[in-house]
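> Pasting the sequence and the predicted coordinates here, then a few questions.
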Amino acid sequence: MSTVGVDRTEKKRTITRWNRRLGWALTISFPFSYFAAWLHEQYPSGSIGSWLSFLNVGSQVIGTLILLAHAGYSFFVFGFPAPRLNLRSLNGYSAYLVLLIYLLSQSVTDKEPQHTILVLTSFVLIGLHVLMAGRMAYKRPKRNDPDFKEDFRVLMSPDAEILDAIEARKEAGDIPQAKPALVGTNLDVSLGQVQVLFGVDLEINAGEIAVLMGNNGAGKTTTLRTLSGLQSADLGAVLIDGFDVTGLSPAGRAELGLSLVVGGRAVFGPLTVRENLELFGYRLPQSREEVDARIATVVAKFPWIGDRANQLASTLSGGEQQMLAVSQALIVKPKVLVIDEFSLGLAPKIVGQLIDLVREIAKQGTAVLLVEQSASVALDLADRIYLMERGRIVFNETGDVARANPERLTQMYLQGSQVSTS
């Protein structure tokens, strides 16, 4: 929630608390005014009578002001008419209506029985109104109630049940052994009525760099979107560290350590370079000092980031924006880093710097999956290479095997490009 939203919410809570107090004051002030009037009738003269008369008039004036404030607060908070037609709102507004009739009648008649009936009726209605509000406040879960916090989390997060089940398995020691960091198994994906992925299988181990190649329209971006949760699969499963995350949203998968760098401009243009880095750090549970230390690591790796920390990210070149986007991995240190369009349209010098960066990220234990169009970059960087053609994996070899026979990969890649353009 934004700061403005938080301020508005807290303001309404404060108004509601004061409105409840005014309601209690209202239930006391009007009966007290009638009690003062009765005492004045018993002692009409003398100094005591004067003080009782002043007390009578003062209590009526105070009660009327409390009534107007209570009504105004209620209309401000709940609106007029009430947004929900329930017993509490009807009771409250009917009390205001009766008291309004009383005030109007007081200006045209002095018949005390009529006043008494109107005031007693409104007093009963307002009393019921405040009692119901008090009962609701008493039954409301306390802020420090752990069950309430957990129920609220389950209500607000569609991933809570799956994440809690994974956490329970970890605490119980039920952790899959020797499992890849990221696995996609038999993935079928359709966009509308058109199927674009057919039984895609791939896996990336911790500390490994896998490159996904293919011509335009082969299904590379759709594969990355499916693995990160942005696209649902018709069939198949996605696993992170051996845990099935097929039912998780992108936020849930990010909580388990998956980071996606989308193709194109994967930074927030209206923010400065420094603010982009800080935004990446907000995913961390660590302190601000830890985030600052990791940002300092990025600045040490790329001094230009520190020199241009206050520059808007939208004014950076394409290569600089890509380097800024990929550098989030040095801050977040995800288990899995997925990068779309890794070197597309970038100068060779920038590509070389990005390759060094990705290698450093992988050395930290992060599994890296990136989409790459250049066979030379793939052969230079990859521990494993996948080649897609028309939504299917047609080549799956280790980097060493591919580098031993680079002509095979190049030929298959070019044949796929020819098929796609024919």
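Done, it's in.

> Where does residue 196 fall, secondary structure wise?
strand 194-204 (DSSP states H and E).

> List the buried residues in that strand.
By neighbour count on 16 or more other Cβ atoms under 10 Å, the buried set for strand 194-204 is 196, 197, 200, 202, 203, 204. C-beta here means a position set from N, CA and C on the backbone, and glycine is covered the same way.

> and if you look at stretch 205-215?
205, 206, 208, 209, 210, 211, 212, 213, 214, 215.

> Show me the two of the residues you listed that sit farthest apart.
206 and 215 (29.7 Å; Cβ to Cβ).

> shaky segments in the stretch 251-400 of the chain?
The model of the stretch 251-400 of the chain has pLDDT under 70 over residues 264-265, 283-286.

> So which residues of it form helices?
273-281, 288-301, 303-307, 318-326, 328-332, 348-363, 375-381, 399-404 (DSSP state H, counting those that start in this stretch).

> Adding mean neighbour count as columns, could you present those in TSV?
Below are the helices of the stretch 251-400 of the chain laid out as TSV (neighbours: other Cβ atoms under 10 Å):
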stretch	mean neighbour count
helix 273-281	20
helix 288-301	15
helix 303-307	14
helix 318-326	21
helix 328-332	22
helix 348-363	16
helix 375-381	19
helix 399-404	15
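
> of all these, which lies closest to residue 45?
Nearest to residue 45, of all these, is helix 288-301, at 73.4 Å by Cβ to Cβ.

> Restrict that closest one to CA atoms and write it as PDB.
What follows is helix 288-301 as a C-alpha-only set of coordinates in PDB (Å, rounded to 0.1, in the frame of the first residue of the first chain):
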ATOM      1  CA  ARG A 288      18.800  -1.500   5.200                       C
ATOM      2  CA  GLU A 289      22.500  -1.800   6.000                       C
ATOM      3  CA  GLU A 290      22.700  -5.200   4.200                       C
ATOM      4  CA  VAL A 291      20.900  -3.800   1.100                       C
ATOM      5  CA  ASP A 292      23.300  -0.800   1.100                       C
ATOM      6  CA  ALA A 293      26.300  -3.300   1.300                       C
ATOM      7  CA  ARG A 294      25.000  -5.300  -1.700                       C
ATOM      8  CA  ILE A 295      24.400  -2.100  -3.700                       C
ATOM      9  CA  ALA A 296      28.000  -1.200  -2.900                       C
ATOM     10  CA  THR A 297      29.100  -4.500  -4.400                       C
ATOM     11  CA  VAL A 298      27.300  -3.600  -7.600                       C
ATOM     12  CA  VAL A 299      28.900  -0.200  -7.700                       C
ATOM     13  CA  ALA A 300      32.400  -1.800  -7.100                       C
ATOM     14  CA  LYS A 301      31.700  -4.100 -10.100                       C
END
